[in-house]
Structure formats: structure tokens, C-alpha cells
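Participant: Pasting the sequence and the predicted model now:
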Amino acid sequence: MIWGLNPVSGALCVYRDTVARSPVTPIDCVRFGRVSTSALIRATESIAFNIVEGCGSTSQKELARFLDISIKSASELEYQLMLARDDGVLGESVWKALSEGTTDIRRMLCGLRAKVLESGQPENINHGAQ
């Protein structure tokens, strides 16, 4: 795992802190102000999905490309979280925790991407071997 927060729990945190705490039912909360809950969850899942897809890459350059997409998804999530806070969907303390976690994940991904590009060794790619 790249970060202490695994991809599934990251998506569940976003769901729990938006949909589950909403004054409306999950069926009604397709959209909160300017941000849809499904967009928040999609951006969260995209971070993990692109890391996983990149681990199946045949080159370091391709792995780095998928990590770059994950970094962009983290940036998108940060902005969506900010909008959710501004629209009153997330309280300040919940927003701060989710935002800081997202920033930490993005920072770690940037570091990993840099190391992947520096190494350039295909044998460093994890193809599921234990």
C-alpha cells in the first residue's frame, strides 16, 4: 500500500462524511450544492484504481503515467471537498481531515512517481508476485 489509508477506506470515508451524514436520504442526495456525492466517490476511487492499473504496467514510464492520473484525481478530490465544505455539506473539522489526508496521498504519489521515473527498471514493477 502506498499510504496508510487504503483505497476502500478512503472511498468509505468520503461516503460516510458526505452521504451518510446528510440531512437528506442517500437517494435524494445526488447533488449537494455544486458537488455530487458520486463525483466525490468517483474521484476517490480513481486514485486507487489508477494505482492498481499502473501496477500492471509493462514499463516504468507507463506506471508513472497512471500515477500521474492518480495525482490529478487527488487534486480533483481536493477541490470537490473544498466545494462541499463551502456548500455546508462537510463541517470544517471533517473537511480538514479529509483534505489533509488527500494532500498527504497526493504528496506520496508525487514522490513515488519521481522514484519510478528515476529507476527506469522494469523489474521493479509489481506484477502480483508475492
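Facilitator: Structure received.

Participant: Tell me which residues of the helix or strand where Asn50 lies come out buried.
Facilitator: Assigned by DSSP states H and E, Asn50 belongs to helix 37-55. By 16 or more other CB atoms under 10 Å, the buried positions in helix 37-55 come out as 37, 39-51, 54. Where C-beta positions appear, they are placed from N, C-alpha and C, glycine not excepted.

Participant: And for stretch 80-92?
Facilitator: 80-81, 83-85, 89-90.

Participant: now do stretch 112-120
Facilitator: Buried-residue list, stretch 112-120, by 16+ other CB under 10 Å: 112-113, 116.

Participant: quick one: the helices in the chain?
Facilitator: 7-15, 37-55, 60-86, 92-119 (DSSP state H).

Participant: before we move on, back to that, turn the buried residues of stretch 80-92 into a markdown table, columns for distance to Ile105 and pLDDT.
Facilitator: Formatted as a markdown table, those follow (distance: CB to CB, whole Å; pLDDT from 0 to 100):
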| residue | distance to Ile105 | pLDDT |
| --- | --- | --- |
| Gln80 | 14 | 89 |
| Leu81 | 12 | 89 |
| Leu83 | 19 | 87 |
| Ala84 | 17 | 84 |
| Arg85 | 18 | 86 |
| Val89 | 21 | 77 |
| Leu90 | 17 | 78 |
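
Participant: Return the member of these nearest to Ser70.
Facilitator: Gln80 (15.3 Å; CB to CB).

Participant: related to what we said a few turns ago, now the angle from the helix holding Asn50 to helix 60-86?
Facilitator: On the basis of axes from the mean of the first three to the mean of the last three CA atoms, to 10 degrees, helix 37-55 is oriented at 160 degrees to helix 60-86.

Participant: Now do helix 37-55 against helix 92-119, angle only.
Facilitator: Using the same axes, to 10 degrees: helix 37-55 against helix 92-119 is 20 degrees.

Participant: helices or strands next to helix 37-55 in the packing?
Facilitator: helix 7-15, helix 60-86, helix 92-119 (3 or more CB pairs under 8 Å, 6 or more residues apart in numbering; DSSP states H and E).
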